[in-house]
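Trainee: the amino acid sequence is not available; the structure is as follows:
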């Protein structure tokens, strides 16, 4: 996908979210990557279940 397409798609998503912030918008992975989306790798669901990352503070 070229940069112009990614920019247009990102602006369309932004516009829709500004009109209705509660809206869930499925986004093509390439567009999401262009917009700065990332996979959370700090904790996995298994880590949460096991109590990993808990602190005594």
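Mentor: Done, it's in. On a predicted model such as this, the values are computed, not experimentally measured, just so you know. Residues are numbered from 1 along each chain as shown.
Trainee: which helix or which strand is home to residue 49?
Mentor: Residue 49 belongs to helix 45-50 when assigned by DSSP states H and E.
Trainee: what of residue 40?
Mentor: For residue 40, there is no host helix or strand (DSSP H and E).
Trainee: so which other helices or strands are in contact with the longest helix seen in the chain?
Mentor: Looking across the chain with DSSP state H, the single longest helix is helix 3-19. Applying 3 or more C-beta pairs under 8 Å, 6 or more residues apart in numbering; DSSP states H and E, one finds that helix 3-19 contacts helix 29-34. The C-beta positions use only the backbone N, C-alpha and C, and glycine is treated the same way.
Trainee: mind showing which ranges of the chain have poor pLDDT?
Mentor: Judged by pLDDT under 70, the chain has its weakly predicted residues at 52-57.
Trainee: which residues touch the closest residue to residue 9 other than its chain neighbours?
Mentor: Excluding the flanking residues, the one nearest residue 9 by C-beta to C-beta, 6 or more residues apart in numbering is residue 31, at 4.5 Å. Going by C-beta atoms under 8 Å, 6 or more residues apart in numbering, residue 31 touches 1, 6, 9, 10, 13.
Trainee: no further queries at this time; thank you.
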